[in-house]
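Engineer: what's the 3D shape of this:
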Amino acid sequence: MPQDNTELLWLAILYKLQTFNSILVKNYFSSNFKLGVLGGGQLGRMLLSETQKFDIFTLILDGADNAPCADICNEFHQGDLMDYQTVYDFGKLVDLLTIEIEHVNIEALLQLEREGLAIYPQPNILQIIQHKGRQKDFFTKHNIPTAKYDRFNTLTELKNKTVFPFVWKSAQFGYDGTGVKIIRSQTDMDSLPDVDCITEDLIPFKNELAVIVARNKNGETKTYPVVEMEFHPTANQVEYVICPARIDQEIAKKAEKIALRVAHAFKHVGLLAVEMFQTKNDDILVNEVAPRTHNSGHYSIEASYTNQFEQHLRAILNLPLGNPKSKVAGIMVNLVGEEGFIGDVVYKNMEEILKIDGVTPHIYGKKETRPFRKMGHVTIVNKDMDEARNIAEKVKKTIRVISN
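Structural biologist: Got it, this is the predicted structure:
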């Protein structure tokens with residue numbers, strides 16, 4: 001029995017603290033908690049593997065009725081991600097909102113946030129990242145190394161630029177190599193759309209690198225190993241992601257340090273993929289960022305202790321972050337629609353790659369193929385990086401994504 005009023009007081013305080021904590025801590029698992037995701041493409045599909053693992057009730061909003069997530073989420077809503085009312089109404093159905101694509105209506109998100117809805121990554125961060133001009137201005141303001149750039153509102157303004165060559169980027173709505181062109185002459189500008197854009201100096205570089213940074217609401221931060229990306233020569237799409245990157249350890253440390261600087265500047269919650277150039281002089285320049293799970297982290301499903309999709313969930317739910325280190329060398333091969341084929345998809349020679357040890361295909365659930373459309377990926381894991389890269393080349397040459 002308590003001996004004096006002091007002991008009674010401390011017991012009362014302890015009880016109140018326990019009650020307060022029970023209110024603060026959400027029961028996300030096997031409960032009425034609802035997680036909303038804007039976007040129902042392949043990134044959402046892979047995220048659903050993790051929400052299902054934890055039995056988290058998940059709602060998806062996507063513009064296509066046959067989106068890859070449509071048949072496997074708990075609740076699917078079809079609607080325009082750029083429409084204010086559609087996004088706002090969807091947000092009112094959920095307890096927490098996240099994204100798998102950044103092309104969403106920001107005004108709706110800002111209003112939902114004002115009304116108390118937790119949204120990660122935060123709308124103000126999405127607002128910056130959605131626009132490549134604002135994103136580059138942010139890098140400059142925070143002393144983050146990046147290529148020199150100029151901003152243009154119209155094509156007429158741009159045509160007054162006379163220093164060639166340069167890289168042209170549409171300020172908004174670019175993805176998977178679209179909205180990016182190398183301009184070497186006035187003639188190359190004739191096919192450009194009349195849109196808000198930026199231009200960048202053409203950087204001579206050794207490697208294109210990426211680092212994924214995870215950060216939760218408590219500020220706990222973890223980074224995945226630096227990866228190296230090999231691009232298709234004409235489609236400007238990633239063909240291979242190699243982890244760990246085949247670079248000097250000091251360069252890797254420099255890239256990780258810069259990625260952390262970017263993450264601390266944004267103070268994001270969730271994942272932030274930081275894409276970078278390693279220049280001929282071994283400088284590291286930030287190219288652009290993506291505030292979500294990312295193509296450069298797909299290898300982690302097989303190769304890492306905690307894959308990027310589980311890590312994203314941990315971060316946005318403010319749970320302890322998992323171990324991002326790799327268990328084994330991993331290489332991802334993108335599967336894209338072959339040139340000359342449009343229609344119902346056929347994956348040819350799948351059985352041949354399944355005979356190879358350490359090979360795991362992921363098919364994204366898109367029923368129709370077209371040239372260079374991302375249809376899936378294959379992960380190769382091996383203790384020997386050189387052997388993994390050889391197998392990746394074999395896989396790329398063997399499997400074909402065609403139509404009937």
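
Engineer: Does anything pack onto whichever strand or helix holds Ile242? Which helices or strands?
Structural biologist: Using DSSP states H and E, Ile242 sits within strand 238-243. Packing partners of strand 238-243 (3 or more C-beta pairs under 8 Å, 6 or more residues apart in numbering; DSSP states H and E): strand 227-231, strand 329-336, helix 385-398. (Glycine included, C-beta is placed from N, CA and C.)

Engineer: What residues of the last one count as buried?
Structural biologist: By neighbour count on 16 or more other C-beta atoms under 10 Å, the buried set for helix 385-398 is 385, 388-389, 391-392, 394-395, 398.

Engineer: Relative to Asn105, which of the helices and strands packed on strand 238-243 is closest?
Structural biologist: strand 329-336 (28.7 Å; C-beta to C-beta).

Engineer: could you say what helices and strands the helix or strand following that closest one packs with?
Structural biologist: Proceeding N to C from strand 329-336, the next assigned helix or strand is strand 343-348, under DSSP H and E. Judged by 3+ C-beta pairs under 8 Å, 6+ apart, strand 343-348 is in contact with strand 368-369, strand 374-382, strand 400-403.

Engineer: in stretch 67-81, what's buried?
Structural biologist: For stretch 67-81, the neighbour count (16+ other C-beta under 10 Å) marks 67-70, 72-73, 76-77, 81 as buried.

Engineer: With stretch 232-242 instead?
Structural biologist: For stretch 232-242, using 16+ other C-beta under 10 Å, the buried residues are 235, 237-242.

Engineer: Could you save the residues you listed as TSV and add columns showing distance to Cys197 and pLDDT?
Structural biologist: TSV is the format used below for those (distance: C-beta to C-beta, whole Å; pLDDT from 0 to 100):
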residue	distance to Cys197	pLDDT
Ala235	20	70
Gln237	20	81
Val238	22	87
Glu239	26	91
Tyr240	29	95
Val241	28	97
Ile242	31	97
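
Engineer: where does the stretch 251-400 of the chain have low pLDDT?
Structural biologist: Of all residues in the stretch 251-400 of the chain, none has pLDDT under 70.

Engineer: hmm, back to that, can you give me how far the strand holding Ile242 is from the chain middle?
Structural biologist: 14 Å (C-alpha atoms, centre = their mean, to the nearest Å).

Engineer: okay, the angle between that strand and strand 329-336?
Structural biologist: 170 degrees (axes from the mean of the first three to the mean of the last three C-alpha atoms, to 10 degrees).

Engineer: what lines up beside strand 238-243 in the sheet?
Structural biologist: Its sheet considered, strand 238-243 pairs with strand 227-231 (antiparallel), strand 329-336 (antiparallel) by DSSP bridges.

Engineer: among those, which is nearest Tyr299?
Structural biologist: Tyr299 sits nearest to strand 329-336 of all the strands paired with strand 238-243, at 3.7 Å, using C-beta to C-beta.

Engineer: CA atoms only for the closest one, dumped as CSV, please.
Structural biologist: Extracted as CSV, the C-alpha positions of strand 329-336 are listed here (Å, rounded to 0.1, in the frame of the first residue of the first chain):
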residue,chain,number,x,y,z
ALA,A,329,25.2,-8.4,-54.1
GLY,A,330,22.1,-7.5,-56.1
ILE,A,331,21.4,-6.4,-59.7
MET,A,332,18.1,-5.3,-61.0
VAL,A,333,17.2,-5.6,-64.7
ASN,A,334,14.2,-3.6,-65.9
LEU,A,335,11.8,-5.4,-68.2
VAL,A,336,10.3,-3.0,-70.7
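
Engineer: From the chain's centre, how far out is it? Work that out for me.
Structural biologist: Distance of strand 329-336 from its chain centroid, counting by C-alpha atoms, centre = their mean, is 16 Å.

Engineer: Mind telling me the two of the buried residues of stretch 67-81 farthest from one another?
Structural biologist: Distance extremes for these: the farthest pair is Ile72 and Leu81 at 19.0 Å, using C-beta to C-beta.

Engineer: got the buried residues for stretch 326-342?
Structural biologist: Buried, per 16+ other C-beta under 10 Å, within stretch 326-342: 326, 329-338, 341.

Engineer: and what of stretch 29-45?
Structural biologist: Here stretch 29-45 shows 33-45 as buried, counting by 16+ other C-beta under 10 Å.

Engineer: Which of those fall within helices?
Structural biologist: Residues of those located in helices (DSSP state H): 42-45.

Engineer: Out of the residues you listed, which is nearest to Glu288?
Structural biologist: In terms of C-beta to C-beta, no member of those lies closer to Glu288 than Leu43, at 16.8 Å.

Engineer: residues in contact with that closest one?
Structural biologist: The neighbours of Leu43, taking C-beta atoms under 8 Å, 6 or more residues apart in numbering as the test, are 100-101, 292-293.

Engineer: Then Asn160?
Structural biologist: Taking C-beta under 8 Å, 6+ apart, one finds nothing in contact with Asn160.

Engineer: now the strands for the stretch 1-150 of the chain?
Structural biologist: 34-38, 57-62, 75-78, 96-99, 118-119, 149-152 (DSSP state E, counting those that start in this stretch).

Engineer: would you turn those strands into TSV with distance to Lys366 and mean pLDDT?
Structural biologist: Output for these, formatted as TSV (distance: least, C-beta to C-beta, whole Å; pLDDT from 0 to 100):
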stretch	distance to Lys366	mean pLDDT
strand 34-38	18	98
strand 57-62	12	98
strand 75-78	16	98
strand 96-99	19	98
strand 118-119	27	98
strand 149-152	34	94
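
Engineer: As a markdown table, those strands with distance to Tyr299 would be great.
Structural biologist: Output for the strands of the stretch 1-150 of the chain, formatted as a markdown table (distance: least, C-beta to C-beta, whole Å):
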| stretch | distance to Tyr299 |
| --- | --- |
| strand 34-38 | 22 |
| strand 57-62 | 24 |
| strand 75-78 | 28 |
| strand 96-99 | 22 |
| strand 118-119 | 28 |
| strand 149-152 | 30 |
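
Engineer: With that, I have no additional questions.
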